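*Asks:* next come a sequence and a model predicted from it.
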Number of protein chains: 2
Amino acid sequence: MAARETNPSFMNGVPELLILRLLQQDEMYGYEIVQAIRSRTDTVISVGEGVVYPVLHGLERDGALASRRRTVKGRSRIYYSVTAVGSHRLADLSKTWSNMAAAIQRMLMGGQHAEGIQ
Amino acid sequence: MAARETNPSFMNGVPELLILRLLQQDEMYGYEIVQAIRSRTDTVISVGEGVVYPVLHGLERDGALASRRRTVKGRSRIYYSVTAVGSHRLADLSKTWSNMAAAIQRMLMGGQHAEGIQ
DNA sequence: TTGCAATGCCTCGAACCTCGAGGTACTGTA
DNA sequence: TACAGTACCTCGAGGTTCGAGGCATTGCAA
């Protein structure tokens, strides 16, 4: 009971968006993505491997990502890159995200309604 | 099978944030909140009654909201208002949201890392 | 008067996502 | 030899949202 430490988690769908974005800039592998998100957001956002791998598999299944196995320094890695489908998907998600974030921001800042600022 | 029409849903936790924010400005009732969110965001964001009522009940249970029943024009409504606890909670959620939204925005816009824009 | 849309409240199950823990395997180093 | 780090993966629990459906009342139009 009591106020359970329910973490806000505004995260729904965000991992997919960020992963797509990162892979559009650089070919990367799962383990690397987990750390890249942490470091590039100064740990504000942190997605575990339990989230990244399933998302990676799902995106590949949908044809949004392509993968190739490479061995670097005795380490086997699976590098992912964005396909045309994935690129289109990123554009969509990105746009949707921006619209929603802007709408929310407006509500948090703005006064009553979308009244004339006069 | 095929690509399931999975709506992006970047929505996690957002309903609670918006509801708290609206109620901080005006005392409102459930049905009204549903429409207020739709209209103030130009339908960019739309939360159904199936989301609003449970959230309202949960927030009240946690002491973040106070309610009082009023009958207006033969219509019985339950008006909610934010308590001190709720106000504090809104501040927290608001801050968390801003941080995350900013971090994501940075990743979507920015180049590689947090490089000098120069 | 009948009928239907809108107002208002509420709940339930399906579907979805994320989290954290736990597993396997290999390399490098103390 | 042992442990930390790299690298992959899966599973169950827990939390949210969605959509449909239910109930009751008021108001307006046919």
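*Replies:* Received it, and whenever you're ready, just let me know what you need.
*Asks:* ok, and the closest non-adjacent residue to residue A:16?
*Replies:* Spatial nearest neighbour of residue A:16, excluding adjacent residues (C-beta to C-beta, 6 or more residues apart in numbering or on different chains): residue A:55 at 5.4 Å. C-beta coordinates here come from the backbone N, C-alpha and C atoms, glycine included.
*Asks:* measure that neighbour to residue A:23 for me?
*Replies:* 11 Å (C-beta to C-beta, to the nearest Å).
*Asks:* repeat that for residue A:109.
*Replies:* Counting by C-beta to C-beta, the gap from residue A:109 to residue A:23 is 33 Å.
*Asks:* of these two, who's got more company?
*Replies:* Neighbour count, other C-beta atoms under 10 Å in any protein chain shown: between residue A:109 and residue A:23, residue A:23 has more, with 26 against 10.
*Asks:* how many other residues sit next to residue A:89?
*Replies:* 22.
*Asks:* and the residue lying closest to it once chain neighbours are set aside, how many neighbours?
*Replies:* Nearest non-adjacent residue to residue A:89, counting by C-beta to C-beta, 6+ apart: residue A:64, 5.2 Å away. Residue A:64 has 24 neighbours, counted by other C-beta under 10 Å.
*Asks:* next up, phi/psi of residue A:64, please.
*Replies:* For residue A:64, the backbone dihedrals are phi -90, psi -20 (criterion: degrees, to the nearest 10).
*Asks:* which residues touch it?
*Replies:* Neighbouring residues of residue A:64 by C-beta atoms under 8 Å, 6 or more residues apart in numbering or on different chains: A:20, A:82-83, A:85-86, A:89.
*Asks:* which element is residue A:24 on?
*Replies:* helix A:14-25 (DSSP states H and E).
*Asks:* do me a favour and average the pLDDT over that helix.
*Replies:* The average of the pLDDT scores along helix A:14-25 is 98.
*Asks:* same question for stretch A:40-51.
*Replies:* 96.
*Asks:* now stretch A:79-97
*Replies:* 97.
*Asks:* what lies in contact with stretch A:87-97?
*Replies:* With C-beta under 8 Å, 6+ apart, stretch A:87-97 has contacts from A:13-14, A:16-17, A:20-21, A:24, A:62, A:64, A:82, B:8, B:10, B:104, B:108.
*Asks:* can you tell me which of those residues is closest to residue A:48?
*Replies:* residue A:14 (13.2 Å; C-beta to C-beta).
*Asks:* just confirm the closest one contacts residue B:103, I think it does.
*Replies:* No: between residue A:14 and residue B:103 there is no contact under C-beta atoms under 8 Å: 9.9 Å.
*Asks:* so what sits against both of these two?
*Replies:* residue A:45.
*Asks:* what about the two, which has more around it?
*Replies:* Neighbour count, other C-beta under 10 Å: between residue A:14 and residue B:103, residue A:14 has more, with 24 against 19.
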